[in-house]
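**Q** Kindly return the folded structure for what I paste below:
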Amino acid sequence: MVTVLRGLGLLLIFLLELAVLTIGARWGWMLDTPTAVRLLAAIAVPLLLAGLWGALGSPRARVPLLPPAKRAVQAGWFVLGGAMLALLGHLRLGLALVVVWVTVTILLRRDP
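**A** Numbering: from 1, shown residues only. This next block holds a predicted model:
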């Protein structure tokens, strides 16, 4: 049972990671700029975020970080996602994203 719950927690974290990429695309598209710039931002922001996550935040990151630094990068990732949602006018959803990530992360760390 514990393994199933751990798997569900990890799946939820992964889905939240993907949500941040989607939020980044939406944020880029909603910039108050010409359409060509918005399109570029809608593509570039999630690509930049994915590159940063792959290099620093993912479990198999290319740059090895000490656990506190990796947790800081991961926290920054989800806080940035929440902030982008807030900037899009969805303050409660942004807060919920961060709260769910914090809750699941704490539960996963407590699990043996």
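
**Q** CA atoms for contacts and neighbours, from now on please.
**A** OK.

**Q** I'd like to know how many residues surround the closest residue to Ala50 other than its chain neighbours.
**A** Spatial nearest neighbour of Ala50, chain neighbours left out: Leu21 (7.1 Å); criterion: CA to CA, 6 or more residues apart in numbering. For Leu21, the count of nearby residues is 21 (other CA atoms under 10 Å).

**Q** Help me confirm that Leu21 comes into contact with Leu49.
**A** Yes - applying CA atoms under 8 Å, one finds Leu21 in contact with Leu49, separated by 6.8 Å.

**Q** pLDDT below threshold where in the chain?
**A** Along the chain, segments meeting pLDDT under 70 span 1, 111-112.

**Q** Only C-alpha atoms, please: export the helix or strand Leu39 falls within in CSV.
**A** In the assignment (DSSP states H and E), Leu39 maps to helix 35-52. What follows is helix 35-52, C-alpha atoms only, in CSV (Å, rounded to 0.1, in the frame of the first residue of the first chain):
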residue,chain,number,x,y,z
THR,A,35,1.5,38.4,-31.7
ALA,A,36,4.9,37.3,-33.1
VAL,A,37,6.6,38.0,-29.7
ARG,A,38,3.8,36.3,-27.8
LEU,A,39,4.1,33.2,-29.9
LEU,A,40,7.9,33.2,-29.4
ALA,A,41,7.4,33.6,-25.7
ALA,A,42,4.8,30.9,-25.5
ILE,A,43,7.4,28.5,-27.1
ALA,A,44,10.6,29.8,-25.5
VAL,A,45,9.4,30.1,-21.8
PRO,A,46,8.5,26.4,-21.5
LEU,A,47,11.6,25.4,-23.4
LEU,A,48,13.8,27.5,-21.1
LEU,A,49,12.0,26.1,-18.0
ALA,A,50,12.4,22.5,-19.3
GLY,A,51,16.1,23.1,-19.8
LEU,A,52,16.5,24.5,-16.3
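
**Q** Report the buried residues of stretch 52-68.
**A** Neighbour counts over stretch 52-68 (16 or more other CA atoms under 10 Å) mark 52-53, 55-58 as buried.

**Q** likewise stretch 4-17?
**A** Buried residues in stretch 4-17, counted by 16+ other CA under 10 Å: 6, 9, 13, 16-17.

**Q** what sits against the residue nearest to Ala50?
**A** Contact analysis of Leu21 by CA atoms under 8 Å, 6 or more residues apart in numbering lists 45-46, 49-50.
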